[in-house]
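Visitor: can't give you the sequence, but here's the structure:
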């Protein structure tokens, strides 16, 4: 273990892949005079992600890429993480999961006297089905961890379930680039609904199509919906959309770059987020920043936190009739729509890159008792 000669704390962040909603946070941390940050990525990109990633202004290293796809999840194993960390000689090691690479980094911290910080986007609900082995590993790691960072209230609830003291808990929100949405030029509302994400079963894109048709029948007019993204269900979605053509106008803009998202959301009235499992869902941040009301299931981590039932959206189980009631109300009651729209923008203000970076910074200072 070594402290930087300037007095800054050497911090190693070991995480899976670069993500557009975390890159600006790392840049802010790297600019902090009290922290010398280096981020170690297990992989450049996982196969099911099509994020466009701009060049980032922080020190980083991509480990030799090695992972397996197990039941739709990518498990990283990068033995070279030990050598990479030894070369950097961090005072603090932050790990963002429990892949073999993360566990090796945790072991490095223990062996070399560095402080360990656990960081997660997961929630109490999203980890309810973990096996006893998974829980045992977490208890072992948490027992030897100095600070705990969570992306949401659900993450902090998860830590509390392991008996972690409140003074060691810190929040680092997942964020969108709020300013790019706030400052985006206004565009015509071409879509009644927008669905943004991967076209896979757990995200329920076919439910969104069924909803659009039901709302069209109720309102007696054609309903337009934009599906932004890509995935294995796209061909089936196009077939179903064609069969609904009399009631639904479905548009498939494809995968969108970060700088294209403000106008795409701006052209829509309501975000549909019918996920069956999602620890958070940054699409909620994006929609709120664009001033959209949101229909969401309780399975999203952002439901109940950023998305508040009856304030800026409706939190509903996957019941087509109830979703159609909520969507029809928002599309026909202009005062309700305006109130929800304004509330979305108010609520998302707290979810900023600056606040996210501050949460990590405070966790680091707590770990080294500064």
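Guide: Looks like it arrived, so ask away. These numbers were taken from a predicted model, which means no experiment stands behind them.
Visitor: From here on, just use CA atoms for contacts and neighbour counts.
Guide: Will do.
Visitor: and residue 21, what is it in contact with?
Guide: Contact analysis of residue 21 by CA atoms under 8 Å, 6 or more residues apart in numbering lists 174-177, 282.
Visitor: run the last query once more with 6 Å
Guide: 175-176 (CA atoms under 6 Å, 6 or more residues apart in numbering).
Visitor: So it, which state does it fall into?
Guide: Secondary structure of residue 21, reduced to three states by DSSP: H, G, I helix; E, B strand; the rest coil: coil.
Visitor: next one: residue 109
Guide: At residue 109, secondary structure determined by three-state DSSP is helix.
Visitor: Same check on residue 226?
Guide: Three states are possible here, and by three-state DSSP the one that applies to residue 226 is strand.
Visitor: Chain neighbours aside, what residue packs nearest to residue 207?
Guide: Across the structure, with CA to CA, 6 or more residues apart in numbering as the measure, the residue nearest residue 207 apart from its sequence neighbours is residue 274 (7.4 Å).
Visitor: what's around the one you found, how many residues?
Guide: Neighbour count for residue 274, taken as other CA atoms under 10 Å: 28.
Visitor: and what of residue 335?
Guide: Residues contacting residue 335 under the criterion other CA under 10 Å number 10.
Visitor: Could you tell me the phi and psi values at it?
Guide: Summarising the backbone geometry of residue 335 under the convention degrees, to the nearest 10, its torsions are phi -70, psi -40.
Visitor: distance of it from residue 288?
Guide: 17 Å (CA to CA, to the nearest Å).
Visitor: Okay, now the unreliable bits of the stretch 251-370 of the chain?
Guide: Along the stretch 251-370 of the chain, the model assigns pLDDT under 70 to residues 370.
Visitor: the helices in it, which residues?
Guide: For the stretch 251-370 of the chain, helices defined by DSSP state H, counting those that start in this stretch occupy the ranges 261-266, 282-289, 320-332, 334-348, 353-367.
Visitor: about what we covered before: any idea how far the residue nearest to residue 207 is from residue 295?
Guide: Taking CA to CA as the criterion, residue 274 is separated from residue 295 by 7 Å.
Visitor: Touching, residue 268 and residue 187? I think so.
Guide: No - with contacts counted by CA atoms under 6 Å, residue 268 stays clear of residue 187, the gap being 9.3 Å.
Visitor: Relative to residue 156, how far out is residue 165?
Guide: 10 Å.
Visitor: In terms of neighbours, single out the busier of the two.
Guide: The neighbour count for residue 165 versus residue 156, taken as other CA under 10 Å, is higher for residue 156 (23 against 11).
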